[in-house]
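Novice: got a sequence here, can you build the structure:
(2 chains)
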Amino acid sequence: MIFGILFGFVLSRSGAADYNFIQSMFLFTSFQLYGIIGTAIAVTIPGLLLLKKFGRTIGGARIAIDMKPLNRGNALGGVLFGVGWSMAGMCPGPIFVNIGEGKLSAIAALAGALAGAALLGAVYPKLERPLHLPTAKSSHSIGVKAL
Amino acid sequence: MTLLLHGLTPMHWAAAGAAIAAITLALLFVTNRRLGISSGFEDICSLALPLPYFQRQSLLSNRTWRLPFVIGLLIGGFVSALSSGGWQPTLALGIFDERIGFGPAGKLAWMFVGGLFIGFGTRLGNGCTSGHGIFGMSNLERSSFVTTLAFMAGGIATTNLIYRVML
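Specialist: Numbering: from 1, shown residues only, chains lettered A, B, ... in the order given. Predicted coordinates:
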């Protein structure tokens, strides 16, 4: 939960949970969010390499990363999510952050997101074959364990 | 440009990006978890829905850390507001109000529909800006490059359609 609080605070104060900043990213009128995401990736890449090389968590457990499987759901789901991100001006993390900040419209976005996830869960068995999705039983753990 | 939250000046992008990277790496190093937030929608669904999709082991085994994490996000936003001028519930939403408008009911309906796309899309694509965009891209996963490209394209197309074509 501590990590969540810190993450939420940074999203709140950086513009990542701000409707205007999200729109200006998509309109290419502000560099702020590209700078944030770019820096985050540029620092996380070497960090991950080091952690994998070290191979252990702080408690001594073996570091295991579930890789995400590639299938037709990625491109289709990605585009749909992009539409929603633009409409709401929030991606999933900032929905929670905005509710915490007191931006009431985020509550409607969360209700929609839960309904959307529930809908996906309900139709998932029908989408498995046409979109080559992993079966629900093993979804998320079907990927190769890296390290 | 300032934040909608109390008109604050945002953190520098390099500081914010480095902080996000540090939290992402600490989450893996301390708890052995890959960053990911949109699965939290499924965690919440799994509390109420008996569908097999929401009761799979790979989801339930992550619920123990992810639910506290998303509650933490909420608290983080609350603390941020409280420490910068006070917590004040509001429906105001910057350029949405200036350009799109609608009344309160219309705005909430718009947000609900946006949320539907977010919930359905992130779970179909198996991740969002955090799990694919930050962690997956940094881990050089092919599915994350595809998904990130797709949601950036979807967002750029939609916002430009709304703010440059329709309005």
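Novice: please enumerate the helices of chain A.
Specialist: A:2-14, A:19-26, A:32-54, A:72-88, A:92-101, A:105-131 (DSSP state H).
Novice: most tightly packed of these?
Specialist: helix A:92-101 (a mean of 30; mean count of other C-beta atoms under 10 Å in any protein chain shown). Placement of C-beta: from N, CA and C, glycine included.
Novice: so where's chain B shaky on pLDDT?
Specialist: Across chain B, nothing is flagged by pLDDT under 70.
Novice: in it, which spans are helices?
Specialist: B:13-31, B:39-48, B:57-82, B:95, B:104-125, B:137-138, B:142-160.
Novice: still on that earlier bit, reformat the helices of chain A as JSON lines; add mean pLDDT.
Specialist: Listed next are the helices of chain A as JSON lines, based on pLDDT from 0 to 100:
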{"stretch": "helix A:2-14", "mean pLDDT": "96"}
{"stretch": "helix A:19-26", "mean pLDDT": "97"}
{"stretch": "helix A:32-54", "mean pLDDT": "96"}
{"stretch": "helix A:72-88", "mean pLDDT": "97"}
{"stretch": "helix A:92-101", "mean pLDDT": "97"}
{"stretch": "helix A:105-131", "mean pLDDT": "94"}
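Novice: B:Met137 against A:Ala40, yeah?
Specialist: No - with contact defined as C-beta atoms under 8 Å, B:Met137 does not reach A:Ala40; the gap is 9.2 Å.
Novice: can you count the residues close to the nearest residue to A:Gly82 once chain neighbours are set aside?
Specialist: In space, and not counting its chain neighbours, A:Gly82 is closest to B:Gly154: 2.1 Å by C-beta to C-beta, 6 or more residues apart in numbering or on different chains. B:Gly154: 24 surrounding residues under other C-beta atoms under 10 Å in any protein chain shown.
Novice: test my guess that B:Gly154 contacts A:Trp85.
Specialist: Yes - if you go by C-beta under 8 Å, B:Gly154 and A:Trp85 touch, sitting 7.3 Å apart.
Novice: how close does A:Gly15 sit to B:Leu8?
Specialist: 10 Å (C-beta to C-beta, to the nearest Å).
Novice: which of the two has more neighbours?
Specialist: For A:Gly15 versus B:Leu8, the count of surrounding residues by other C-beta under 10 Å is larger for A:Gly15: 30 against 17.
Novice: now that one, nearest residue through space, not along the chain?
Specialist: A:Phe21 (3.6 Å).
Novice: got the contact list for the one you found?
Specialist: Contact analysis of A:Phe21 by C-beta atoms under 8 Å, 6 or more residues apart in numbering or on different chains lists A:Gly15, A:Ser30, A:Gln32, A:Leu33, B:Met1, B:Leu3, B:Pro10.
Novice: can you rerun that using 10 Å?
Specialist: Applying C-beta atoms under 10 Å, 6 or more residues apart in numbering or on different chains to A:Phe21 gives the contacts A:14-15, A:30, A:32-33, A:36, A:89, A:94, B:1-4, B:10, B:94.
Novice: just flag the most distant two among these.
Specialist: A:Ile36 and B:Gly94 (18.3 Å; C-beta to C-beta).
Novice: ok, back up a step: list residues touching both of A:Gly15 and B:Leu8?
Specialist: Contacts common to A:Gly15 and B:Leu8, judged by C-beta under 10 Å, 6+ apart, are B:Thr2.
Novice: distance from the chain centre to stretch B:157-167, please.
Specialist: 21 Å (C-alpha atoms, centre = their mean, to the nearest Å).
Novice: apologies, that question was intended for stretch A:69-79.
Specialist: Distance, centroid of stretch A:69-79 to centroid of chain: 13 Å (C-alpha atoms, centre = their mean).
Novice: go on, stretch B:125-145?
Specialist: For stretch B:125-145, the distance to the chain centre is 13 Å (C-alpha atoms, centre = their mean).
Novice: same question for stretch A:71-89.
Specialist: 11 Å.
Novice: what residues are shared contacts of B:Met137 and A:Ala40?
Specialist: In contact with both B:Met137 and A:Ala40: B:Thr129, using C-beta under 10 Å, 6+ apart.
Novice: pretty sure A:Ala88 is touching A:Ala109, no?
Specialist: Yes - the pair A:Ala88 / A:Ala109 is scored as a contact, 4.5 Å apart, by C-beta atoms under 10 Å.
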